[in-house]
Structure formats: C-alpha cells, structure tokens
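Novice: coords below, sequence missing:
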Ligand SMILES: CSC[C@@H](O)[C@@H](O)C(=O)COP(=O)(O)O
C-alpha cells in the first residue's frame, strides 16, 4: 500500500499538506482553481507528476467556474485560468503537459454543451490521476530488475507516492523490488532546503516498512567511499531530448559522486516528464525560491538577518552521468537521443 496525496470526491479535491509532514497529517480541501494554483506554488502539493495531477483538477475547477455563451468565449477564459495554474512553478514539465492535455480535450469536445464539457474535463483529470499510479507500477516493474538482492540504494529528494498520483517513480522502483522479494535498504538524503528526503521519503517508506536511513546531504560521498551504496535512483522534473535531467537541487552532486565511485545512477520518470522540445538541459528554466527556505527551518532562524541568499530549487545532471532512464515504456541506456525519441513514438 502507498498513499495517494491527491483525492477527489463529491466535487472536492483533497490534498495532504506536504509542508506539515511528518509532524502533522492534515488534509486540505480545494474547490476552485486559484486555491489549487496556490497549493502548487506553496508546495502543499509537490513533485512533478503530482503537480500535473493537481493542475488537471485545477483546470477542471476552472471549467466549472466559467460561464460562456459559446466555445470561443469558454476557450479564451479557460486559457486564462490555465495560465494562472501554469505560472506557479516553472521547472516540472508535467505541469504544462497536464494543462496542454486539458486544453486539447476541451477543444476536441467543443461541440458539447457547457455542463457536458465540464464533466468531460473532470473525467480527464480523474484519468490523469489514475493513469499516473498505474504508470508508476509499470515503471517499477521495468526498473526493479536493475537492483540486486540485498542492495543499499541512495535516493535524493522525494520521488515517492507523495510526489505522484501514487506508488512513486524512484521509490516506485524500490517498492517493486521489495514486492519482488528483494531485501533493500534505502539511504535518504535529507534534501535541503525543503527537507523532502528527511520529512517525506523517510515518512512514506516507514509507512510501508521499507528500511530507510536518513543522512545529511554532505554524507553521501563518505558512504560511497566506504562501499555502502550499490546504486542511486532519483526522479526527474524534466528530461530533455539528449537525456539531461533536471531534478531537485543536489542531484547533480550525487551523480558526480556516483560516477567517481563507479556506482550506477538511475533516473525513473514517466513519459510526461520527457520534454523532446528542448535539445539539452541548458534550456530548462530553473526555479528560484524564497530565500527564507534557506535562512529558516520553520520558525527557527539559521542565518543572519539580511544575508544574501541564493536558492535554486533544481539542478541539471548531464546525460553522460546517467546510467539509465527508466520509464513506463521501458529502460533507455546510453543513446538517449534516439532511445527517448523511439519511446515517445
Ligand atoms: C516523482 S517526483 C520527481 C521530482 O519531481 C522530485 O525529485 C523533485 O525534484 C521534487 O521537487 P519539489 O520542489 O519537491 O516539487
């Protein structure tokens, strides 16, 4: 069993507030697209696929709020609402993928009455959510064969059930290995500044009784040097046509360390994270977030008042450091340019 961070029932979208985990398990109710946009921006919901699922429900709420006499009028208002949702976070391409899918579905059903069109859009959001869970299970089955029994696996950030429609990408592969009967130990980087590893990965793996040890971000090299890491697996926010991978800040550092120590570095991501419109990682927009995430931990101040802060939320790992990319359509190794293109066809 694994948690689903986004649920929908009786016209209400419920999301577990990931800012409060693991100390408090609070579910928040959403009924309109502006508050969904705020939930994405403030990281109530986070993780590339989960952001896509939330945005799809946001778009469905927007459709329910729009009053229009014809499709042209509906479409222009719908696009404005989708632009509000799209402006929340720039790096994870799943956000734009989900909104584009909702806009295409609206266009394809433009002959429907407004109530029917609203229902079709809500059904599409529900499908995006359900499909994501299934995609992750398929990805897990493809990826778990890469892990030997008794493997110690290092992961960065949270690419688990909490970051998706369910089951997880990187943690989905780990779950699948455990379900296949393998004994797996996980090292979770704490993942400063938002602590996705210490707070979220540790919490969800403990819920499923998968052994996990939290380490500070600067401990990964020491562990690798001691031969205590057999493989690294992470998720992705955007993968470009040549296989460059944007993921949580600090992922690049882990990939360089893995290369130095001859440890395989795997990336697990659904096809909706692959952006073939970008040739390489230098074109990926990198989000910069509030300096307070660096200077404070909750209400505790960690750095002097007024100090200059730089807070990029993601970095790009060049494809030559990536051993394989695991998707629901199969595993690509080496020639990412042709391999990813072939999977996308
Ligand atoms: C399956 S999630 C993959 C990535 O989205 C994840 O590793 C990550 O970087 C999340 O960043 P976040 O800032 O928490 O949204």
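Specialist: Structure received. Not measured: the values here are computed from a predicted model.
Novice: OK, contacts around the residue of the stretch 201-345 of the chain at minimum distance from the ligand?
Specialist: Nearest residue of the stretch 201-345 of the chain to the ligand: residue 235, at 2.7 Å (CB to the nearest ligand atom). For the C-beta atoms, the positions are set from N, CA and C on the backbone; glycine is no exception. With contact taken as CB atoms under 8 Å, 6 or more residues apart in numbering, residue 235 is in contact with 47-48, 157, 159, 163, 168-170, 247, 267-269, 273.
Novice: Could you give the number of residues near residue 145?
Specialist: 13 (other CB atoms under 10 Å).
Novice: Give me the pLDDT for it.
Specialist: The predicted local confidence for residue 145 comes out at a pLDDT of 98.
Novice: how close does it get to residue 74?
Specialist: 47 Å (CB to CB, to the nearest Å).
Novice: And for residue 2?
Specialist: For residue 2, the distance to residue 74 - CB to CB - is 37 Å.
Novice: Residues of the stretch 201-345 of the chain that sit close to the ligand?
Specialist: Contact residues (CB under 6 Å from any ligand atom) of the stretch 201-345 of the chain with the ligand: 235, 236, 237, 247, 248, 313.
Novice: Residues in a beta bridge with the fourth one, which ones?
Specialist: Beta-bridge pairing of residue 247 under DSSP bridges involves residue 315.
Novice: Tell me the predicted confidence for it.
Specialist: For residue 247, pLDDT reads 98.
Novice: Quick one: end-to-end distance for stretch 181-190.
Specialist: Using CA to CA, to the nearest Å, the end-to-end distance of stretch 181-190 comes out at 27 Å.
Novice: Flag every buried residue along that stretch.
Specialist: Under the neighbour-count criterion of 16 or more other CB atoms under 10 Å, stretch 181-190 has 184, 185, 186, 187, 188, 189, 190 buried.
Novice: Identify, from those residues, the entry nearest to the ligand.
Specialist: Distance to the ligand across those (CB to the nearest ligand atom) is lowest for residue 189, with 10.7 Å.
Novice: is that closest one in a bridge, and if so with what?
Specialist: Residues in a beta bridge with residue 189, per DSSP bridges, are residue 215.
Novice: Surely it is in contact with residue 197?
Specialist: Yes. With contact defined as CB atoms under 8 Å, residue 189 reaches residue 197; the gap is 4.6 Å.
Novice: Could you name every residue contacting both of those two?
Specialist: 155, 156, 157.
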